[in-house]
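>>> Sequence and predicted model, in that order:
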Amino acid sequence: MQKLLIVEDDPSVRNTMVTVSELEGYAPEAVSTTSEAIARLSSDSYPIVISDIYLDRKSTRLNSSHGYISYAVFC
């Protein structure tokens with residue numbers, strides 16, 4: 001199973017994304033804040049990151065130029 005990181009502050013959306021990802025054969029891990037995402041990305045490798053583009057009342061600032069991720073989907 002390929003793992004992915006889901007970054008979403010709305011609990012119902014986050015849980016739905018985790019469920020759908022699992023049904024599609026992925027091993028999702030989910031966090032609710034930008035700081036949690038950066039901590040996970042600093043300690044582990046995720047080939048796919050799906051992130052809400054607006055978290056913590058500001059733009060997420062998570063992008064591939066940080067060197068943490070190779071592919072990201074912003075929703």
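Sure thing, it's come through.
>>> Give me the next element, helix or strand, following the lengthiest helix in the chain.
The helix that spans the most residues within the chain, counting by DSSP state H, is helix 11-23. Counting by DSSP states H and E, the next helix or strand C-terminal to helix 11-23 is strand 27-31.
>>> For whatever helix or strand comes next after that next one, enumerate the helices and strands it packs against.
Toward the C-terminal end, the helix or strand that comes next after strand 27-31 (DSSP H and E) is helix 34-43. If you count contacts as 3 or more C-beta pairs under 8 Å, 6 or more residues apart in numbering; DSSP states H and E, helix 34-43 packs onto strand 3-7, strand 27-31, strand 48-51. Bear in mind the C-beta positions are built from the backbone N, C-alpha and C, glycine included.
>>> any idea which of those strands is most buried?
Of all the helices and strands packed on helix 34-43, strand 3-7 has the most neighbours on average by mean count of other C-beta atoms under 10 Å, namely a mean of 23.
>>> Right, I'll leave it there.
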